[in-house]
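A.B. asks: output the structure for:
(2 chains)
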Amino acid sequence: MNQSQTSTGPILTTDGIPLKVSLKKAERINKIRAFLLVLPLLAFILITFLVPIGDMLARSVDDRQINTVFPKTFEVYKKWDRQGLPSEEVYKTMFFELKNSEGYAVGKASTRMNYSKSGWKSLLKKSKRKFKKIEEGPFKEKMIATDKKWADPEYWLALGQMVDPTTMGYYLNAVDLKYDSSKNIVQQKENRRIYNKTWIKTFKVSLLVTLFCLLLGYPISYLLATLPMKYSNLLMICVLLPFWTSLLVRTVAWMVMLQQKGVLNNLLVMSNLIADENRFQLMYNQTAVVIVMTQILLPFMVLPLYSVMKTISPTYMRAALNLGASPMHAFYKIYMPNSVPGVSAGCLLVFIIAIGYYITPELVGGKDGQMVGNWIAYHLKTTLNWGLCASLGAILLAMMTVLYWAYNKIVGIENIKLG
Amino acid sequence: MALPAYATTGQKVGYYSFLTYCGFVFFFLIAPIFIILPLSFSASPFFEFTREFMNFEPEAWSLRWYRQMVGISSIGDTTVVTDKWMMGTRNSFFVGIVATLLATALGTVAALGLSRPHMPFKAILMAILISPMIVPLIITAAGMFFFYSKIGLTHTYLGLILAHTALGTPFVVITVTATLTGFDTNLIRASQSLGADTMRTFFKVIMPLILPGVISGGLFAFITSFDEVVIVMFIGSVEQITIPKQMWAGLRQETSPVILCMATCLVALSIALLTTVEMLRRRSERLRGIKQR
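C.D. replies: Next up, the predicted model:
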């Protein structure tokens, strides 16, 4: 060691520090400086965006709502062997906790209890009123006397799902499953299975939109990429203007086109193709959602396709034709394989955006065109079942993350181009 | 791409049907946007082309919906002033501009850091910074609704501005990083060796070169905020009416043609923005010596 330092030792800087160390130090300072530049935005995104998303994820498994109202009941409940009816002690604690709690908190907890076994909500509401008159035990008999439901073991067993502070119940609900009274996972009742259909519909609509975007977008991207610059710039405006126009404005425009007395129906009636009374029902169904979303998302297909096609040298095609291939054959064998990166980028992008769509299905979809995004909004503001809302959102988010990862692998997020 | 002189009839038919198909697609893209322009001048209270309107009869054309939009409407003989749309416009511009300024400042600085050759964890950082653009708005809205209501930011302008800033930053990061590719770092060294400090170098050397990217990123951020309706709906109160929120309300409740007037104005705005961004892009490419292919 010493030997090497004296003869061919490391190169030193003027102040005697080895050059390697000095360089590393400089590099580290550079790294820190670069990181410091990113830090403000990173912190901002963390607080305003990532923490809220995390909050939503936490909510999707959170199950403490009821434990805050009936903490003692749950303590004694845990001792119960789940056979027959619980002991007098359980009834007694439940009685006092219900009697002494605030109406607002009971309402919230009973909503949660109702998700496990419907009937809890009305039972608690009714009982809270009647319990005022009861002063002393035996509570079990008196409670059962106020309502026979207190003697139904099903209700007591349903509470078992809520003992833990976390639950997978909302996730099960989001895919049409549920816990039965002995905590086995079973299918929802036939008439309550709505989410699997919605997931399938969301995928179907997104795939159809992606497919139509490809069918419409590929030829025009080809035209744009092969036309001389002065024409293609002009035509490019047709792609960029919708891209820049407000989403709501475009949806409104489509409502004007598609409604019963809208432009399309009027044209058909005026040209005597259909009678005035059998105008087509073009709006408020799944078809409308697909049509409108295709038009809205088409620029997201054309832009990546165009930028890839622009790099395919026209000499390749000329060479193929020169070697005797027919134009179709040359296109199929030479041009298409070269444009595959653009196709995958465009398709993934359109699919990613389509799967989380909310506004357009809400406005033109009617009952039949509702996608997962609409259910999330519905539970967020109408039913206030935020656990289910969050779990639907979390599943959607997980799918997006996988797609986003794939997009990053195939295209690279740095290569997203705008305009 | 043009047809060679020796093309067969089959090739000609194929070529012209291809052009027709493309024409149809361009029509499909652009027609819905322009269909609302004439309709906003109709006197009819429904979104329809009446026969009188198509025959250019003067009574079927009117500016009454535009008058209502700017706040003057008449019911019978009395003039009523409704301020909803103008209030929405003011709010939209206020929130949009503040959010844009914040997003542009944060995004530009971050893009400068990301473009440094020594940036650690570049890929993962980029993924995080771009995520607000990728996550569906309804999920973002749900998350923000839960969290912002905990810390009292719902129903405030501050909450709305923060949310819109977060949505706008990815666009700034993307456009500025794109402008910084091919940026000659020797220029910074030259400036520093001539005695300029960091701030001076930034404002006199870096900024003029990346300005087109910064502006177009800012415009993207602005239009994102200006268009955004889902988050406003969930975290805004009645007070925070913006144009899209008012349009949404108009579509769900009273379908008034004022919506079409506002839509026409928004189309005009988007044409203006598109033109600006295109000009900036070309200028930037010319400055950086990237030739148009």
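
A.B. asks: buried ones in the lengthiest helix in chain A, by neighbour count?
C.D. replies: Using DSSP state H, we find that the single longest helix of chain A is helix A:195-226. Counting neighbours by 16 or more other CB atoms under 10 Å in any protein chain shown, one finds that the buried residues in helix A:195-226 are A:195, A:198-199, A:201-203, A:205-210, A:212-214, A:216-218, A:220-226. C-beta coordinates here come from the backbone N, C-alpha and C atoms, glycine included.

A.B. asks: check which helix or strand B:Ile138 maps to.
C.D. replies: With secondary structure defined by DSSP states H and E, B:Ile138 is part of helix B:137-150.

A.B. asks: is any part of that helix close to chain A?
C.D. replies: Yes. Helix B:137-150 reaches chain A (CB under 8 Å from any CB of the partner chain) through B:137-148, B:150.

A.B. asks: kindly reformat these as JSON lines containing neighbour count.
C.D. replies: Shown next, in JSON lines, are these (neighbours: other CB atoms under 10 Å in any protein chain shown):
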{"residue": "B:Leu137", "neighbour count": "20"}
{"residue": "B:Ile138", "neighbour count": "28"}
{"residue": "B:Ile139", "neighbour count": "26"}
{"residue": "B:Thr140", "neighbour count": "27"}
{"residue": "B:Ala141", "neighbour count": "28"}
{"residue": "B:Ala142", "neighbour count": "32"}
{"residue": "B:Gly143", "neighbour count": "24"}
{"residue": "B:Met144", "neighbour count": "28"}
{"residue": "B:Phe145", "neighbour count": "24"}
{"residue": "B:Phe146", "neighbour count": "23"}
{"residue": "B:Phe147", "neighbour count": "24"}
{"residue": "B:Tyr148", "neighbour count": "24"}
{"residue": "B:Lys150", "neighbour count": "11"}
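
A.B. asks: closest to A:Asn278 out of those residues?
C.D. replies: Each of the residues of helix B:137-150 next to chain A was checked against A:Asn278 using CB to CB; the closest is B:Ile138, at 36.3 Å.

A.B. asks: look up how far A:Asn374 lies from that closest one.
C.D. replies: 8 Å (CB to CB, to the nearest Å).

A.B. asks: count of neighbours near whatever residue of the stretch 51-200 of chain B ends up closest to chain A?
C.D. replies: When distances are taken as CB to the nearest CB, the stretch 51-200 of chain B reaches nearest to chain A at B:Pro136, 2.3 Å away. B:Pro136 sits with 23 neighbouring residues when counted by other CB atoms under 10 Å in any protein chain shown.

A.B. asks: what's the closest residue to it other than its chain neighbours sitting at in phi/psi?
C.D. replies: Spatial nearest neighbour of B:Pro136, excluding adjacent residues (CB to CB, 6 or more residues apart in numbering or on different chains): A:Gly356 at 2.3 Å. When read as degrees, to the nearest 10, the backbone of A:Gly356 gives phi -100, psi 20.

A.B. asks: what's the answer for A:Ile312, then?
C.D. replies: Note on A:Ile312: its backbone torsions stand at phi -80, psi 120 [degrees, to the nearest 10].

A.B. asks: residue contacts, B:Gly159?
C.D. replies: By CB atoms under 8 Å, 6 or more residues apart in numbering or on different chains, the residues touching B:Gly159 are B:Met144, B:Tyr148, B:Leu153, B:Ile235.

A.B. asks: check B:Phe171 too.
C.D. replies: By CB under 8 Å, 6+ apart, the contact set of B:Phe171 is A:Leu418, B:Ala103, B:Gly107, B:Met133, B:Gly217, B:Phe220, B:Ala221, B:Thr224.

A.B. asks: can you tell me how far the residue in the stretch 251-400 of chain A that chain B sits nearest to sits from B:Gly143?
C.D. replies: Closest approach of the stretch 251-400 of chain A to chain B (CB to the nearest CB) occurs at A:Gly356, with a separation of 2.3 Å. When distance is defined by CB to CB, A:Gly356 is 13 Å away from B:Gly143.

A.B. asks: ok, residues contacting stretch B:242-253?
C.D. replies: In this structure, residues lying in contact with stretch B:242-253 by CB under 8 Å, 6+ apart are A:246, A:248-249, A:252, A:255, A:359, A:363, B:84-85, B:88-89, B:91-92, B:95, B:226-229, B:232-233, B:236, B:256, B:258-259, B:262-263, B:266.

A.B. asks: also stretch A:239-249?
C.D. replies: If you take CB under 8 Å, 6+ apart as the criterion, stretch A:239-249 is touched by A:220, A:224, A:250, A:295-296, A:298-300, A:302-303, A:306, A:359-360, A:419, B:29-30, B:33, B:36, B:223, B:226-227, B:229, B:244, B:247-248, B:251, B:263, B:266-267, B:270-271, B:273-274, B:277-278.
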